[in-house]
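**Q** For reference, the sequence and a predicted model appear below.
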Amino acid sequence: MNPPHHATNHPLILVIAMFAAFLTPASADTLPPLTRDRIPHTVPELYAGFDPDKEPLEVRVVKEHEQEGVVVRLLTYTVGTFKGTKSLMGAWYAFPKGARKLPAVLQMHGGGQRAQSETVIAWAKNGYAAMAINWGGRRMDGQPDGEKGTDWGAVDATQTGHNTHYQSCMPDAKTLDDFESPRNNNWFLILLAAKRAVSFLQQQPEVDPARIGATGHSMGGTLTVMLAGSDSRIKAAAPSCGGAGSAPEELRARPGNAARRKNTSKIWADLIDENVYLKHITCPIIYFGPQNDFNGLIDELFMNWPAVPSKTVAYAIAKHLNHRHDLATSFVDVLWFEQHLKGTLTLPHTPAISATLSPQPKVVVTPDRSADVVKVDIFYSQDPNGQFRFYRTADSKRIGGTWQAECSLFSSEMPLFVLANVHYPFPKVKVTGPPWNKNPGKNYLLSTRLLMFESPELVAAKVQATDKVERLVERDFSTLQDWYELEHNNAEARQIVTRKVKDPKWRGPDGATLAVDVQDTRGGSLVLTFEFNSYSQYGGDKSSGDFYAVLPFKASSEWQRLTVRLSDLKPFGPHPRRPQIGDVKLPDNWQTLCMLSITARLNANGQKMGAGRFDDQRKLRNLRWEGGAYPKTILMPGSHVALDPEAYARQFESQIRKSIELGNQEQ
């Protein structure tokens, strides 16, 4: 065991330590030599040569303080010696003062982030010992000037210095091996650091070594999956927005899918890809993330996770969001560890979901503990692109212990995706979060798996397409069921966002005007932003870009009609990920509109736009399309689906009438 000790500033000791590190022979390296003809073939083989308990951790406490009954330490420990030089990991560690034999949580930050003291303090307040490792190498909050934190030494697993090697196993000056090797990959090195962190936790008197969990966000979610799949000491895991795995071939075969470019390295696929780690996870694991996450892609998640051998697998998928959580999902990791590390509660099982296809898809959701259910939301979509897919909320009914709904489809030539969220009252356990997300909501949710039916299945089942277009996008903004909201408590920055306009049902006709009614006795403006052809999902020949329109209105107690035409849109300046946006021309129609947001103020092209406050005093109603004509072909990512002439004529006539009615509505 290596209990933490405090740093010494004696100059002679420091000089000796520096020369000792410099003179460490290569033969003292932590990992055994590897040759190109003896590459491991499996995950267990890859880590077989690494014993995380063998070498001293050489823990150095940089500083320590107490707050609100919690002991907080900033420290470093040795990951190992690589290419003759030691690698050091910085970390925050916290625990309730005087505690013994607590469950512990290892937290791993996301890409571009750093270990934060607030995170481990929150876990400690919830009755855990907690450690957050600073694998990215950024300076940690509270790190004293002149004090070294994370230092990878002769290798580099950071984004700032070696970002290429999360997807590569090829050699360079900062890798372990001089040939293609899994040990050259950044994920491998960070996992060694995480395994050493588990060893650190097991050696602390505050920790029960048999009750250690792992969690992390984004890239930290990926690390959580990889650690749980390669280290049996992890007894529960909760990855957030990462760890879904790469796209299987059946997903890549779907036209319009959101799969990332395939890594062609067999070594990477066999030994680094999360998919192979998923097959080794036996501890209870819950994935929590949103429907539209760019990193934890939802289709990959539900295609890959059936391979997890654990008997306890759960999901909590927040509606409509991207790379963040709502209140109903943001504390499920705490509840998970309360059950599987503390034993203080028992959560319901993953709700069951099934569907019959003919003549119209009918969905049945069967939750565990149905008597405790607050509500069930059943979502469905025909969009093949999982990243930007809009999930409609079906009209569901409770029948006994089940919730059932029918899905109205546009066409059997587009796939179908169905999932549901089951909401339960938050258990009577006192928990807290970090300052930016301190208190849980009244409910939490658990999700079903995602049902996926490809187009040939729908055609073979002779599914009837009964859906029709709708000009009224949103009548009542009171529930925001089809939107997500940001900065609710900041009236100048508050924003509501929807992908509803991407669905063919609510998509804008060619040449149409977008209109909305506003009521605000203070006056001001609405600022609308529009995102077209995100990530070129409709093809590189279609216009892409982010645009905005500022719609001023007078102070009045009357409803006022505000309108936007395509010609009113103005482009944002160059986008950091898509610099061509600054020069893009206006789209020819609304067909590739992917996302719409409404706010009061906006910074665009270096200028502040808009005025007023977007709070409860500002009322909105009847967001709708006026005028224009619906195209005969529905543009979808990767495909074009044509309506039959009779269906097109019926929809066109009915929506023209509705357009006239909405346009003549009393304001």
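**A** Good, I have the coordinates.
**Q** and V70, what does it touch?
**A** By CB atoms under 8 Å, 6 or more residues apart in numbering, the contact list for V70 reads A94, F95, P96, K97, I121, A124, K125. Where C-beta positions appear, they are placed from N, C-alpha and C, glycine not excepted.
**Q** Tell me which helix or strand comes right after the worst-scoring helix or strand of the chain on mean pLDDT.
**A** One helix or strand of the chain scores below all others by mean pLDDT, DSSP states H and E: helix 11-23, with a mean of 35. Following helix 11-23 in sequence order, the next helix or strand is helix 43-47 (DSSP states H and E).
**Q** Starting from the very next helix or strand once past that following helix, tell me which strands it pairs with and how they run.
**A** Counting by DSSP H and E, the next helix or strand C-terminal to helix 43-47 is strand 60-67. Note on strand 60-67: by DSSP bridges, its sheet partners are strand 5-6 (parallel), strand 70-82 (antiparallel).
**Q** Quick one: the helices in this protein, in order.
**A** Under the criterion DSSP state H, the chain contains helices at 11-23, 43-47, 117-125, 159-162, 186-202, 219-228, 249-252, 266-271, 274-278, 298-304, 332-337, 455-460, 645-663.
**Q** Most tightly packed of these?
**A** helix 219-228 (a mean of 28; mean count of other CB atoms under 10 Å).
**Q** Would you mind giving the contacts of V70 as a markdown table with pLDDT and distance to G84 added?
**A** Below are the contacts of V70 laid out as a markdown table (pLDDT from 0 to 100; distance: CB to CB, whole Å):
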| residue | pLDDT | distance to G84 |
| --- | --- | --- |
| A94 | 98 | 34 |
| F95 | 98 | 35 |
| P96 | 98 | 41 |
| K97 | 97 | 41 |
| I121 | 98 | 37 |
| A124 | 98 | 37 |
| K125 | 98 | 42 |
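**Q** Closest one to K585 out of those, please.
**A** I121 (50.9 Å; CB to CB).
**Q** quick revisit: okay, the helices of the chain in a markdown table with distance to G242 next?
**A** As requested, these are exported to a markdown table (distance: least, CB to CB, whole Å):
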| stretch | distance to G242 |
| --- | --- |
| helix 11-23 | 34 |
| helix 43-47 | 18 |
| helix 117-125 | 16 |
| helix 159-162 | 14 |
| helix 186-202 | 11 |
| helix 219-228 | 3 |
| helix 249-252 | 18 |
| helix 266-271 | 17 |
| helix 274-278 | 8 |
| helix 298-304 | 10 |
| helix 332-337 | 13 |
| helix 455-460 | 30 |
| helix 645-663 | 41 |
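**Q** what about the ones you listed, which gets the closest to T402?
**A** Of the helices of the chain, nearest to T402 by CB to CB is helix 298-304, at 21.0 Å.
**Q** I'd like to know the average pLDDT value across the closest one.
**A** Mean pLDDT, helix 298-304: 98.
**Q** ok, residues contacting it?
**A** For helix 298-304, using CB under 8 Å, 6+ apart, the contacting residues are 244-248, 250-251, 257-259, 274-275, 278, 287, 289, 291-292, 315, 317, 386, 389, 417, 419, 449-450, 452.
**Q** returning to that earlier point: columns distance to H340 and mean pLDDT on top of the strands paired with strand 60-67, output as TSV?
**A** Shown next, in TSV, are the strands paired with strand 60-67 (distance: least, CB to CB, whole Å; pLDDT from 0 to 100):
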stretch	distance to H340	mean pLDDT
strand 5-6	33	39
strand 70-82	23	98
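**Q** As CSV, the contacts of V70 with distance to F410 would be great.
**A** What follows is these, written out as CSV (distance: CB to CB, whole Å):
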residue, distance to F410
A94, 53
F95, 55
P96, 56
K97, 61
I121, 50
A124, 52
K125, 50
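**Q** Break the protein down into its domains, please.
**A** 5-342, 352-460, 472-663 (automatic domain parsing).
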